[in-house]
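*Asks:* Pasted the sequence and its predicted model underneath.
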Amino acid sequence: MPKSFIRKSLNNMLSYVIALTAVVVCMLLGISIGSLSIPFSSIIDIFLEQWWGIAPSPDIPDTLVQIVMAIRLPRVVLAFLVGASLSLAGAAFQGLLKNPLADPYTLGVSSGASVGAVVVLFFHLQLPWFGSFTLPIMSIAFGLLTLFLVLFFTRAVDPRMSVETIILTGIIFSAFFSALISLMIALTGEELRQIITWLMGSVAMRSWKYVVMMLPFFIIGCLLLLVNHRELNAFAFGEEAAAHIGVHVAKRKLVILIGASLLTGAAVAVSGAIGFVGLVVPHMIRLVAGPNHRLLLPLSLLYGGAFLVLADLAARTMISPSELPIGIITSLIGAPLFAGLFLNRMKRKT
């Protein structure tokens, strides 16, 4: 077995170990820090007692167990799922479109998914047989529809489908959908506060119900994207080159778009519009780990989840006892980075 292959495998394994360690540490920090600080040892004891029936410290108060298991743990798990979804979707969009500036936010998918969710909240919709899953299903459907509209409009305007045209089209659709949301807010009554709070992005006061609501779409979306890592690598050389090496271009593009839209729509449905996660994390991973989607996709998933857990921790501790919307934290980090990436890209073209 060549030494280079062994070295590469060991490096990849080390990358996964470091990423998983970062996820565990971030989640423990998210559970530990708050208005009441909980030591790591107490958190681990509670987990051992609740999950394995082992009680190393039988004197742990029931209120502490409730805080960890019913309040902080579901919030941290949901933040991880949302961050992982947005980051993985962003990595897939960037690979498919050969564009490091693409993500669910800049392509307008998040805005479209937001319209779907606001329609459900505004009209109190509930689809037959789906119940509480109406919100993510509508959000996913609107997000996917928005993506197809953006690509269709881009192809009509610019047959070459240049990166700048795609992003500009995404911004146009985002502006239009923001106007629709503003119209619904202006017409609403008692739901006003709920819609505005949701739009600003947050995982506060989210129970296990929201985790269960998102989990099926998260699993399906992740599987659809992770199994297509070879196809995303092939798309990096262009659609014609991908077709020449045996990739069914139309079918695989549709699968990847559906997978990314599933993740985006489900994330937006449970947490609101949280921007730039799908831009920041995959770009940083690509700079360190390279463009191979076999490594890029799972690392984006893990680090995206860890990043949003830390962003949520910052959102609820920066001005404690009040909380900031998590979307403010991610935008403060992502907007300057997006501007820098776009500026560097335009400079290289001139």
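*Replies:* Received the coordinates, thanks. Residues are numbered from 1 along each chain as shown.
*Asks:* How many residues are close by residue 282?
*Replies:* 31 (other C-beta atoms under 10 Å). (Each C-beta comes from the backbone N, C-alpha and C, glycine too.)
*Asks:* same deal with residue 25?
*Replies:* So residue 25, with other C-beta under 10 Å, has 14 neighbours.
*Asks:* same check, this time on residue 294
*Replies:* 13.
*Asks:* That one sits in which helix or strand?
*Replies:* Under DSSP states H and E, the secondary-structure element containing residue 294 is helix 293-317.
*Asks:* from the middle of its chain, how far away would the strand or helix carrying residue 214 be?
*Replies:* Taking DSSP H and E as the criterion, residue 214 maps to helix 208-226. Its chain's C-alpha centre and that of helix 208-226 lie 11 Å apart, by C-alpha atoms, centre = their mean, to the nearest Å.
*Asks:* Only the buried residues of that helix, if you could.
*Replies:* Using 16 or more other C-beta atoms under 10 Å as the test for burial, helix 208-226 gives 210, 211, 213, 214, 217, 218, 221, 222, 224, 225, 226.
*Asks:* mind putting those in a markdown table, pLDDT included?
*Replies:* Formatted as a markdown table, the buried residues of helix 208-226 follow (pLDDT from 0 to 100):
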| residue | pLDDT |
| --- | --- |
| 210 | 90 |
| 211 | 94 |
| 213 | 90 |
| 214 | 93 |
| 217 | 93 |
| 218 | 96 |
| 221 | 95 |
| 222 | 97 |
| 224 | 95 |
| 225 | 96 |
| 226 | 96 |
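*Asks:* farthest-separated two in the residues you listed?
*Replies:* 210 and 226 (23.3 Å; C-beta to C-beta).
*Asks:* one step back: okay if I get the buried residues of helix 208-226 as CSV plus distance to residue 13?
*Replies:* Formatted as CSV, the buried residues of helix 208-226 follow (distance: C-beta to C-beta, whole Å):
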residue, distance to residue 13
210, 33
211, 29
213, 34
214, 29
217, 29
218, 25
221, 25
222, 20
224, 25
225, 21
226, 17
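*Asks:* Tell me which residues touch residue 341, please.
*Replies:* 100, 101, 279, 283 (C-beta atoms under 8 Å, 6 or more residues apart in numbering).
*Asks:* if we go to 6 Å?
*Replies:* residue 101 (C-beta atoms under 6 Å, 6 or more residues apart in numbering).
*Asks:* Which element, helix or strand, includes it?
*Replies:* Counting by DSSP H and E, residue 341 is found in helix 326-349.
*Asks:* re the thing from before, return the member of the buried residues of helix 208-226 nearest to residue 129.
*Replies:* residue 213 (15.2 Å).
*Asks:* in the chain, what secondary structure element scores lowest on mean pLDDT?
*Replies:* In the chain, no helix or strand scores lower on mean pLDDT, DSSP states H and E than helix 192-199, which sits at a mean of 70.
*Asks:* ok, residue 317 to residue 154 distance?
*Replies:* Distance from residue 317 to residue 154, counting by C-beta to C-beta, to the nearest Å: 41 Å.
*Asks:* of those two, who's got more company?
*Replies:* residue 154 (21 against 14).
*Asks:* for the helix or strand in which that one is found, packing partners?
*Replies:* If you go by DSSP H and E, residue 154 is part of helix 134-157. Under the contact definition 3 or more C-beta pairs under 6 Å, 6 or more residues apart in numbering; DSSP states H and E, helix 134-157 sits against helix 109-123, helix 163-187, helix 249-271.
*Asks:* Looking at those, which is nearest to residue 141?
*Replies:* From the helices and strands packed on helix 134-157, taking C-beta to C-beta, the stretch that ends up closest is helix 109-123, at 6.1 Å.
*Asks:* So which residues make contact with that closest one?
*Replies:* If you take C-beta under 6 Å, 6+ apart as the criterion, helix 109-123 is touched by 104, 134-135, 138-139, 142-143, 146-147, 174, 177, 180-181, 184, 195, 264-265, 268-269, 273.
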